[in-house]
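Engineer: based on what follows, work out the 3D shape:
(2 chains)
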Number of protein chains: 2
Amino acid sequence: MFLTSEPIRLGVAGLGRAFVLMLRTFQNDPRVKLVAAAAPRAESRAAFEAEFGGRGYSCVEEMAEDPEVEAVYIATPHQMHAEHVAIFAAAGKHILVDKPLSVTMEDADMMVEAARSAGVHLIVGPSHSFDPSVLHARQIIESGEFGAVRMVQAFNYTDFLYRPRRPEELRTEEGGGVLFSQGVHQIDIVRLLCGGRAKSVTAMTGVWDPERPTEGAYSALLDFEAGSFASVTYSGYAHFDSDIWMDNVAELGGMKDPANYGEARRALQTLDSAAETKLKATRTYGAGTVPPIAQNNEHFGPILILSDRADLRLRPGGIDIFGDTERQHIEVPLNAAPRKTVIDALEAAVRKNIAPPQTAAWGRASLEVCHAILDSAETGEKIPLTRQCGVEFQEETL
Amino acid sequence: MFLTSEPIRLGVAGLGRAFVLMLRTFQNDPRVKLVAAAAPRAESRAAFEAEFGGRGYSCVEEMAEDPEVEAVYIATPHQMHAEHVAIFAAAGKHILVDKPLSVTMEDADMMVEAARSAGVHLIVGPSHSFDPSVLHARQIIESGEFGAVRMVQAFNYTDFLYRPRRPEELRTEEGGGVLFSQGVHQIDIVRLLCGGRAKSVTAMTGVWDPERPTEGAYSALLDFEAGSFASVTYSGYAHFDSDIWMDNVAELGGMKDPANYGEARRALQTLDSAAETKLKATRTYGAGTVPPIAQNNEHFGPILILSDRADLRLRPGGIDIFGDTERQHIEVPLNAAPRKTVIDALEAAVRKNIAPPQTAAWGRASLEVCHAILDSAETGEKIPLTRQCGVEFQEETL
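Structural biologist: Just a heads-up that it's a prediction; the model follows:
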């Protein structure tokens, strides 16, 4: 193990939208240094080499052999995660893999085993379970100050389904739809707040737009071993926007401009599928603009945590605590670098051998809930869960 | 039948809190005239006689024989509704019975049959399904302008459990807890918006305060024959208050004062059960103050209706319509008399022989959902529903 305060030498697999959304982190957090990137597009590699001075590779296998790379951030499309994790784990690299861990449970099993047998850390992130308010809420819960968590309600109404998509992002079996991209955030958050081990899921899903025939909405009820339950709801159909109840802060921390109402749907209305794929490509690294550093913490919609002696309401800037007789607001300030908490976890794992809760087994457990939501909606049954894991900060060491 | 524009000559059974909450309606709507009241407390009867000039009766049987009474408003405790409906129906009086219709399904069956065989109208109300925004939303849905309703989300966080209670109001088997008093509102609303006929319920409930050992919270998923589904959540544990997302308007239309945070719980903290019962009695008719006429429509917490081409958000003052590319606000103005819509329904039934959706069969269907929520939480099973009825405006005539 490296036990040093040197920056973590990171390789990036995939220079698409996910990487763009991590760019401000990599540019601003001195604890990571990007030394390599693997991407099929030459333009992306050239942009990477120009910006970071690292080495560009056209395939991940080559990057896996780069001895300077200590750890990798896998930001390739969902369905490729498993193959790429196998390659990097076998090469002894620690892994930060973007959510969802994978699309299929078989892949997830393989990835858990790949990391374990190789003796590398695998962290699933970024995900909104790393949002500062969420982590702070988890600390409050662990303090026991307000007693047991009894119920969590999370909901989020967005324009997800009408953002530019590649065709496979609208095919559920390939990881498309709101469950694998969005639901997994909500599930990660709710599991973190409720102790991790869900017992069962009952859910309904909505496939309401024949032009985009994948799940665009769901509502689910979960119960947890710790005794609490959760209600989670999501719609990506771009009408009501729940960010009005999050101080008008957008998911990524920017301020929303009411004048832009309906822009996602409007932008798509004149496009065919090929033009949409092209538009999506303009959101990749090196091809378009990079979002500015947000002035607020990221969030994933309104989240309410009911415990014995207080309810917590998560907001981008902090946590409202509604106690038995008094209320207070705890500020959760903006970090110096966006998504600093993800790098906190990566650094703790790579430099101190301390894993965060969001391990491969954790990611598999959240993925299991995604599948259970789809299964419950299809069969009308309550789906028992068998692959859950708890919130074990600092427990899983190699 | 009376087919006249004369005021409906109404008798009131029960002069407790429910009557107090209807008082402003009776004082201000010229279409009803209170001619009689039955109540065990002599002080309440005296207050009634002094205010309305009607006749006070110490028991409902006597009032049932009063030939001047055309219709009755039954505002007695839940568990007495069935007996009182039987008495008034047998006497040929039309009936407005406060929600819930009854506590047990057996009573509900008996009441449906009692009204049917006597040839009288039975309306379950007031309930928040009569709220102006809810009725207006139903009209929008029926117009088809925005396509099919796909999903409804309703939630409400209140201090219900800490308002002064008589002991039986904290015993579930006697109709206590949030399901029968509060849940039934939410279910009425959601059923009205989703076409009435729910197919099944999966739910979890919370009994979190050992001092008040009845259901204080629940979350449930319902699916409907019409194809939509609903997520409903309620907490009466008095921490987070969802009225902040309803323009700070309270359930009954008054404005909330943030300085009063926690007052319900604080007021109870020094009381034993006997003192609490006494405090509750100060909220009855003739014993205390009457709430002023509210300056806003009543509501039952945030309600979102997702349909194909728009989401509707119900607010006290109207409906926000979030369409595909544009949003608009439809104002739903305050009526001249509070709860005018309940009297609209009563007048249409008594004077025009046109029943509203909220008939005895409707009330039984909502009660069935309440019981299904309790049953699902207890057994962990999805509960199929068998006693549902649709939204049949103007169809059921005698």
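
Engineer: which parts of the stretch 51-200 of chain A sit against chain B?
Structural biologist: Residues of the stretch 51-200 of chain A lying close to chain B by CB under 8 Å from any CB of the partner chain are A:Arg150, A:Met151, A:Gln153, A:Phe155, A:Tyr157, A:Ser200. C-beta here means a position set from N, CA and C on the backbone, and glycine is covered the same way.

Engineer: just the pLDDT for A:Thr397.
Structural biologist: Reported pLDDT at A:Thr397 in the predicted model: 54.

Engineer: if we can go back for a sec, separate out the buried members of the residues of the stretch 51-200 of chain A next to chain B.
Structural biologist: A:Arg150, A:Met151, A:Gln153, A:Phe155, A:Tyr157, A:Ser200 (16 or more other CB atoms under 10 Å in any protein chain shown).

Engineer: domains of chain A?
Structural biologist: A:8-128+A:338-360+A:390-395, A:129-331 (automatic domain parsing).

Engineer: closest to B:Thr289 out of these?
Structural biologist: domain A:129-331 (23.8 Å; CB to CB).

Engineer: any idea of the mean pLDDT for the closest one?
Structural biologist: 95.

Engineer: gap between the two ends of that domain?
Structural biologist: 18 Å (CA to CA, to the nearest Å).

Engineer: what's the offset of it from the middle of its chain?
Structural biologist: 10 Å (CA atoms, centre = their mean, to the nearest Å).

Engineer: what strand or helix carries the nearest residue to A:Ala137 once chain neighbours are set aside?
Structural biologist: Leaving aside its chain neighbours, A:Ala137 sits nearest to A:Leu312 (5.5 Å; criterion: CB to CB, 6 or more residues apart in numbering or on different chains). Here A:Leu312, judged by DSSP states H and E, is contained in strand A:310-315.

Engineer: direction included, what does the helix or strand that comes right after that strand pair up with?
Structural biologist: Counting by DSSP H and E, the next helix or strand C-terminal to strand A:310-315 is strand A:318-323. Neighbouring strands of strand A:318-323 in its sheet, by DSSP bridges, are strand A:310-315 (antiparallel), strand A:327-331 (antiparallel).

Engineer: for the residue of the stretch 1-150 of chain A with the smallest separation from chain B, helix, strand, or coil?
Structural biologist: Nearest residue of the stretch 1-150 of chain A to chain B (CB to the nearest CB) works out as A:Arg150 at 5.3 Å. Under DSSP: H, G, I helix; E, B strand; the rest coil, the three-state class of A:Arg150 is strand.

Engineer: contacting residues for it?
Structural biologist: Shown in contact with A:Arg150 (CB atoms under 8 Å, 6 or more residues apart in numbering or on different chains): A:Gly227, A:Ser228, A:Phe229, A:Leu306, A:Ser307, A:Asp308, B:Gly206, B:Trp208, B:Ala217.

Engineer: sort out which one of the buried ones among the residues of the stretch 51-200 of chain A next to chain B lies nearest A:Leu15 for me.
Structural biologist: Using CB to CB, those come closest to A:Leu15 at A:Tyr157, 30.5 Å.

Engineer: now the closest one: phi and psi?
Structural biologist: phi -120, psi 120 (degrees, to the nearest 10).

Engineer: burial measure for the residue nearest to A:Ala137, as a count.
Structural biologist: 27 (other CB atoms under 10 Å in any protein chain shown).

Engineer: now do the contacts for it.
Structural biologist: A:Ala137, A:Ile140, A:Phe146, A:Leu304, A:Ile305, A:Ile319, A:Asp320, A:Ile321, A:Phe322.

Engineer: what's across from it in the sheet?
Structural biologist: Beta-bridge partners, per DSSP bridges, of A:Leu312: A:Ile305, A:Ile321.

Engineer: which one's the longest helix in chain A?
Structural biologist: helix A:360-379 (DSSP state H).

Engineer: how far is it from where the chain is centred?
Structural biologist: 15 Å.

Engineer: for it, C-alpha coordinates in PDB please.
Structural biologist: Provided in PDB are the C-alpha atoms of helix A:360-379 (Å, rounded to 0.1, in the frame of the first residue of the first chain):
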ATOM      1  CA  ALA A 360     -18.700  -2.900  -4.500                       C
ATOM      2  CA  ALA A 361     -21.000  -4.900  -2.200                       C
ATOM      3  CA  TRP A 362     -22.800  -1.600  -1.400                       C
ATOM      4  CA  GLY A 363     -23.200  -0.800  -5.100                       C
ATOM      5  CA  ARG A 364     -24.500  -4.300  -5.700                       C
ATOM      6  CA  ALA A 365     -27.100  -3.900  -2.900                       C
ATOM      7  CA  SER A 366     -28.400  -0.600  -4.400                       C
ATOM      8  CA  LEU A 367     -28.500  -2.300  -7.800                       C
ATOM      9  CA  GLU A 368     -30.500  -5.100  -6.300                       C
ATOM     10  CA  VAL A 369     -33.100  -2.500  -5.200                       C
ATOM     11  CA  CYS A 370     -33.200  -1.100  -8.700                       C
ATOM     12  CA  HIS A 371     -34.000  -4.500 -10.100                       C
ATOM     13  CA  ALA A 372     -36.400  -5.200  -7.400                       C
ATOM     14  CA  ILE A 373     -38.300  -2.000  -8.300                       C
ATOM     15  CA  LEU A 374     -38.500  -3.200 -11.900                       C
ATOM     16  CA  ASP A 375     -39.500  -6.700 -10.900                       C
ATOM     17  CA  SER A 376     -42.100  -5.600  -8.400                       C
ATOM     18  CA  ALA A 377     -43.700  -3.300 -11.000                       C
ATOM     19  CA  GLU A 378     -43.800  -6.100 -13.500                       C
ATOM     20  CA  THR A 379     -45.100  -8.900 -11.300                       C
END
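
Engineer: show me the contacts of A:Arg150 that map onto strands.
Structural biologist: In this view, those that belong to strands under DSSP state E are A:Phe229, A:Leu306, A:Ser307, B:Gly206, B:Ala217.

Engineer: which stretch among the domains of chain A comes nearest B:Ala13?
Structural biologist: Nearest of those (CB to CB): domain A:129-331, 37.2 Å.

Engineer: quick one on the thing from earlier: so for the longest helix of chain A, what's the average pLDDT?
Structural biologist: Rounded mean pLDDT across helix A:360-379 is 98.

Engineer: buried ones in that helix?
Structural biologist: Of the residues in helix A:360-379, those buried (16+ other CB under 10 Å) are A:360-377.

Engineer: check stretch A:354-361 too.
Structural biologist: A:Ile354, A:Ala355, A:Pro356, A:Pro357, A:Gln358, A:Thr359, A:Ala360, A:Ala361.

Engineer: for those, which one is nearest chain B?
Structural biologist: A:Pro357 (23.9 Å).

Engineer: next one: phi and psi at the closest one?
Structural biologist: Dihedral angles for A:Pro357 - degrees, to the nearest 10 - are phi -60, psi -30.

Engineer: skipping adjacent residues, who's closest to it in space?
Structural biologist: A:Pro357's closest residue in space is A:Val391 (CB to CB, 6+ apart), at 4.8 Å.

Engineer: again with A:Met111
Structural biologist: A:Val85 (4.6 Å).

Engineer: does A:Met105 touch A:Ser366 like I think?
Structural biologist: No: contact status for A:Met105 versus A:Ser366: not in contact, 11.5 Å apart, counting by CB atoms under 8 Å.

Engineer: quick one: contacts for the spatially most central residue of chain A?
Structural biologist: For chain A, the residue nearest the mean C-alpha position is A:Ser127 (2.2 Å; CA atoms, centre = their mean). Shown in contact with A:Ser127 (CB under 8 Å, 6+ apart): A:Lys99, A:Val184, A:His185, A:Asp188, A:Gln358.
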